[in-house]
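Chemist: Just to be clear, the model below is a prediction. Sequence and coordinates:
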Protein chains: 2
Amino acid sequence: MRVEIINTGSELMLGFVLNTHQQWLCRQFSDLGLNVDRQVAIHDDGVSIQQAVKEAVQRAELVITTGGLGPTSDDITRDLVAQLFGLSLKEDPRIIADISEFFARRSRPMPASTRVQAMVPEGALVLWNHHGTAPGLALPTPRGWLVMLPGPPRELRPMFRDQLIPLLSKWFPTPATFACHSLKTTGLGESFVEELIAPALSSLVDQGVSIGYCARIGEVDVRLTARGEDSSELVAEAVIVTRRLLGERVFSETQEDLAAVIVRLLTVNSHTLAIAESCTGGYVANRITNVPGASSVFLAGLVTYSNAAKTDFLGVRPSTLEKHGAVSEATALEMATGVRNRTGATYALSLTGIAGPSGGTAEKPVGTVFVGFASPEGSIVQRFLYQYDRETFKFCASQQALDLLRRGLSQSKVSM
Amino acid sequence: MRVEIINTGSELMLGFVLNTHQQWLCRQFSDLGLNVDRQVAIHDDGVSIQQAVKEAVQRAELVITTGGLGPTSDDITRDLVAQLFGLSLKEDPRIIADISEFFARRSRPMPASTRVQAMVPEGALVLWNHHGTAPGLALPTPRGWLVMLPGPPRELRPMFRDQLIPLLSKWFPTPATFACHSLKTTGLGESFVEELIAPALSSLVDQGVSIGYCARIGEVDVRLTARGEDSSELVAEAVIVTRRLLGERVFSETQEDLAAVIVRLLTVNSHTLAIAESCTGGYVANRITNVPGASSVFLAGLVTYSNAAKTDFLGVRPSTLEKHGAVSEATALEMATGVRNRTGATYALSLTGIAGPSGGTAEKPVGTVFVGFASPEGSIVQRFLYQYDRETFKFCASQQALDLLRRGLSQSKVSM
């Protein structure tokens, strides 16, 4: 079965906004065991939209369009698709009632322009919009279905999950069952992960398991999938092998990111965390505080950019700074122990390095970072080198620091 | 002239990564006065890539592909394109030398697999990769050119800017001159910006100026463009009108973001900054420290998440926390003055609020934030409400704080 996505919107083509629909929809489909074969983005104009839809419905059983269903003059997908299929549009009184209620609940008058959203091509199914006014529309095509979804993500996503997924399993009963499991790892490059697990998984691959690697900087996801009657058992076996071989490199088997894992581990054990950052400039604290509930475990993050701040707020000794420099093992150690002592946190992290583009030396080139970890059991400092642009450097250093902390937490006999 | 972009990579189609190339490339082209007509994303497989390239080169004068030029088994774009055009591949000794040098500089052996990146289809131009090992390739097509760029953004972007843009103006001499100027604003929604400037610009619009609005949360860009002989004069006139009407809402007329503007303003005046954050958890410090050179003006950022940290590191009085709460005007004021006094910075910002999803009350609902600003001239606190998810809340609060600081700096008789 072939799936294609068509994203409409001149704001996409002018580079004014990022197309987040592609990733989100592709991920939803791949977790359902469906493969998106092609995604196209085009301007809001008649020729482009009709041509893209015409091509796609000839190739694919399922075609999804996003955007162009609203009340403004550039929202033309509904009309163009009806015209392309030679269908007349008719106002649906249920949608008018729904839109009226939407405005009534907000004590606002219903603008006349919104009535156009109640126009439905003959033979189309209506997907109700519980987070906005433009309903989605599904039209049968010679090969399958064309589904038009609204552009705003907060409207599209619940409509997809709550209304489209049930329809998909009705329209396209899966010929074979599908099983999928992902393991998120950090600390090893893609080729090392592959070398570690591929030989041991080869017999399961022969039986139908597929191994996918998704490498980003600092993280590799291993995705194990299979189809058919035995798919669940096969994937479960592959997961056991992968877990055993990758060991503590695996930090999550859900969609949870590294910061969320840490907040969860700290929370269940009623432990607390403090962070002292220099080169990462608050990025590590920001990742931790992106996790809802971080306030119950995170006490403080000190971004001590200047030497004076390192001394005043963390108690780093001026003699240490003078003798070893701000970017040194000794300073990282005093930063970690200093922020731990001064906040009373169970655990502390520290980072000091050279983000660049300038400031490097032969001995400590741009990209050098010292990461410190202080715990009730003692302290350690590790040295790394990440020669990237400033923001990538920050991410890599933060990933290393969070992983050092995660392993420290796991070693403290804390279950994942 | 028609431009199309083809993004290859199964990681895109499985929804594992966000396609940032589309936005970046589309923005580059629109600033050059060129329109991207279609963007396609497909899997790394022979049929999909060859079909997409074949279709695109038949329609478009310029076709850009991204990805698939590296050394691994799924990097097949180079070979498939050569096959499609019936071209043989030949190893280019200059590329071998370039790759060898790349590894030598890093004191690493050159893996044999990287040699494949030196294979060049006959008749192709080589675009040198100064940030990685896979060069870009440009091939003449019946309608114009096909350009293959490497996938990693840190390799693609400088290659596009430094090597492709000069080639584009040679390949496609602009038939009519094009003028474009963007003004970045904050503090007003899109419709308010439009109401303020559209009437006064209407006569220039009649003469050929186009006004584009690009609204993101917390920012609206106004993009003024024109084509033809008088385009520069027309756009310059429109810029003057827009500047006058939007006044200090305009924070940048280059691509500079708000944090970069602030670092520049502080630097030229040899002033310093310190930040005390609670609800934003380091996000404001992170934005400031993303700017190269921030270390010369940014002294410290204190992420005081707990009440104890607010007292210990900033000197917020326990009685203030008890009487008014951590999320209050009084606490924000003491945080800003506290961090300014303790670091000796010229200026200080503070933020305390409720990021959610829990923790709100009737009087202070989720999304409430107090932003404090302390300067040699005195201190102020402003209250805002941003009812979004946690990360969007952080962005909005940081934007408000940075804008308060920017206006404070501008008022101190500092030229923009």
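Modeler: Structure's in. What do you need? Numbers count the residues shown, from 1 in each chain, chains lettered A, B, ... in the order given.

Chemist: which helix is the longest one in chain A?
Modeler: Ranked by number of residues, the top helix in chain A under DSSP state H is helix A:390-411.

Chemist: List the buried residues of the strand or helix carrying A:A336.
Modeler: A:A336 is part of helix A:329-343, with elements assigned from DSSP states H and E. For helix A:329-343, a neighbour-count test (16 or more other C-beta atoms under 10 Å in any protein chain shown) marks A:330-340, A:342-343 as buried. To be clear about C-beta, it is placed using only N, CA and C from the backbone, and glycine gets the same treatment.

Chemist: For chain B, see how far away A:E190 is.
Modeler: Plainly put, A:E190 is 8 Å away from chain B if you go by C-beta to the nearest C-beta, to the nearest Å.

Chemist: same question, A:L349
Modeler: Counting by C-beta to the nearest C-beta, the gap from A:L349 to chain B is 12 Å.

Chemist: swap in A:V339?
Modeler: 10 Å.

Chemist: Which strands or helices does the longest helix of chain A pack on?
Modeler: helix A:258-268, helix A:283-289, strand A:347-353, strand A:368-375, strand A:378-385 (3 or more C-beta pairs under 8 Å, 6 or more residues apart in numbering or on different chains; DSSP states H and E).

Chemist: how about the last one as PDB, C-alpha atoms only?
Modeler: Extracted as PDB, the C-alpha positions of strand A:378-385 are listed here (Å, rounded to 0.1, in the frame of the first residue of the first chain):
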ATOM      1  CA  GLY A 378      32.600  10.900  44.900                       C
ATOM      2  CA  SER A 379      33.400  12.900  41.900                       C
ATOM      3  CA  ILE A 380      34.800  12.400  38.400                       C
ATOM      4  CA  VAL A 381      35.800  14.600  35.500                       C
ATOM      5  CA  GLN A 382      35.900  13.500  31.800                       C
ATOM      6  CA  ARG A 383      37.400  15.300  28.900                       C
ATOM      7  CA  PHE A 384      35.800  15.400  25.400                       C
ATOM      8  CA  LEU A 385      36.300  17.200  22.100                       C
END
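
Chemist: list the contacts for A:V222?
Modeler: A:V222 makes contact with A:182-183, A:185, A:193, A:197, A:211-213, A:242, A:246 under the criterion C-beta atoms under 8 Å, 6 or more residues apart in numbering or on different chains.

Chemist: at 6 Å instead, please
Modeler: A:183, A:242 (C-beta atoms under 6 Å, 6 or more residues apart in numbering or on different chains).

Chemist: Apart from its neighbours in sequence, what residue is nearest A:L258?
Modeler: Leaving aside its sequence neighbours, A:L258 sits nearest to A:L402 (C-beta to C-beta, 6 or more residues apart in numbering or on different chains; 4.8 Å).

Chemist: what's the neighbour count on that neighbour?
Modeler: Neighbouring residues of A:L402 were enumerated by other C-beta atoms under 10 Å in any protein chain shown; the total is 24.

Chemist: thought it was touching A:D257?
Modeler: No - A:L402 is beyond contact range of A:D257, at 9.2 Å (criterion: C-beta atoms under 6 Å).

Chemist: Roughly how far does A:A104 sit from chain B?
Modeler: On the measure of C-beta to the nearest C-beta, A:A104 and chain B end up 21 Å apart.

Chemist: can you check A:V316 too?
Modeler: Taking C-beta to the nearest C-beta, one finds A:V316 at 13 Å from chain B.

Chemist: Sort out which residues of stretch A:86-95 are buried, please.
Modeler: So, applying 16+ other C-beta under 10 Å, buried residues of stretch A:86-95: A:89, A:92, A:95.

Chemist: Stretch A:250-268 now?
Modeler: A:250-252, A:257-266.

Chemist: Make a markdown table from the residues you listed and add pLDDT and distance to A:R223 to it.
Modeler: Output for those, formatted as a markdown table (pLDDT from 0 to 100; distance: C-beta to C-beta, whole Å):
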| residue | pLDDT | distance to A:R223 |
| --- | --- | --- |
| A:V250 | 96 | 13 |
| A:F251 | 96 | 15 |
| A:S252 | 95 | 13 |
| A:D257 | 92 | 16 |
| A:L258 | 96 | 18 |
| A:A259 | 97 | 21 |
| A:A260 | 97 | 19 |
| A:V261 | 97 | 18 |
| A:I262 | 97 | 23 |
| A:V263 | 97 | 25 |
| A:R264 | 96 | 22 |
| A:L265 | 96 | 24 |
| A:L266 | 97 | 28 |
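
Chemist: Generate CSV for those, with distance to A:G144 as supplementary columns.
Modeler: Shown next, in CSV, are the buried residues of stretch A:250-268 (distance: C-beta to C-beta, whole Å):
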residue, distance to A:G144
A:V250, 38
A:F251, 39
A:S252, 35
A:D257, 35
A:L258, 40
A:A259, 41
A:A260, 38
A:V261, 40
A:I262, 44
A:V263, 43
A:R264, 41
A:L265, 45
A:L266, 48
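
Chemist: residues touching A:L302, list them.
Modeler: Residues in contact with A:L302 (C-beta under 6 Å, 6+ apart) are A:276, A:313, A:339, B:302.

Chemist: ok, the residue lying closest to A:L62 once chain neighbours are set aside - contacts?
Modeler: Leaving out its chain neighbours, the residue that sits closest to A:L62 by C-beta to C-beta, 6+ apart is A:V3, at 4.7 Å. For A:V3, the contact set (C-beta under 6 Å, 6+ apart) comprises A:29, A:34, A:36, A:62.

Chemist: from those residues, which has minimum pLDDT?
Modeler: Across the contacts of A:V3, the bottom pLDDT score, 90, is held by A:L34.

Chemist: That residue falls within a strand, correct?
Modeler: No - membership of A:L34 in a strand is not supported by DSSP: H, G, I helix; E, B strand; the rest coil, which gives coil.

Chemist: Tell me who's in contact with it.
Modeler: By C-beta under 6 Å, 6+ apart, the neighbours of A:L34 are A:V3.

Chemist: ok, it to A:H21 distance?
Modeler: 16 Å (C-beta to C-beta, to the nearest Å).

Chemist: next one: A:A104
Modeler: Counting by C-beta to C-beta, the gap from A:A104 to A:H21 is 30 Å.

Chemist: Those two - which one has more neighbours?
Modeler: A:H21 (23 against 11).

Chemist: So which residues on the stretch 101-250 of chain A come close to chain B?
Modeler: Residues of the stretch 101-250 of chain A that fall close to chain B, judged by C-beta under 6 Å from any C-beta of the partner chain: A:C214.

Chemist: mind redoing it with 7 Å?
Modeler: Counting by C-beta under 7 Å from any C-beta of the partner chain, the stretch 101-250 of chain A comes close to chain B at A:212, A:214, A:216, A:221.

Chemist: Identify the farthest-apart pair in the residues you listed.
Modeler: Spatially, the most separated pair among these is A:G212 and A:R216, at 13.5 Å (C-beta to C-beta).

Chemist: Let's have the residues of the stretch 101-250 of chain A next to chain B in a markdown table, adding secondary structure, pLDDT and neighbour count.
Modeler: Formatted as a markdown table, these follow (DSSP: H, G, I helix; E, B strand; the rest coil; pLDDT from 0 to 100; neighbours: other C-beta atoms under 10 Å in any protein chain shown):
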| residue | secondary structure | pLDDT | neighbour count |
| --- | --- | --- | --- |
| A:G212 | strand | 85 | 16 |
| A:C214 | strand | 79 | 18 |
| A:R216 | strand | 79 | 14 |
| A:D221 | strand | 89 | 20 |
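
Chemist: Can you add distance to B:C396 and give these back as CSV?
Modeler: Listed next are these as CSV, based on distance: C-beta to C-beta, whole Å:
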residue, distance to B:C396
A:G212, 37
A:C214, 31
A:R216, 27
A:D221, 31
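
Chemist: which among the residues you listed gets closest to chain B?
Modeler: A:C214 (3.9 Å; C-beta to the nearest C-beta).

Chemist: now the closest one, which residues is it bridged with?
Modeler: A:C214 has these beta-bridge partners by DSSP bridges: A:D221.

Chemist: Show me what counts as buried in stretch A:381-388.
Modeler: Those would be A:381, A:386, A:388, for stretch A:381-388 by 16+ other C-beta under 10 Å.

Chemist: quick one: the first one and A:A332 touch, right?
Modeler: Yes - using C-beta atoms under 7 Å, A:V381 is in contact with A:A332, at 4.7 Å.
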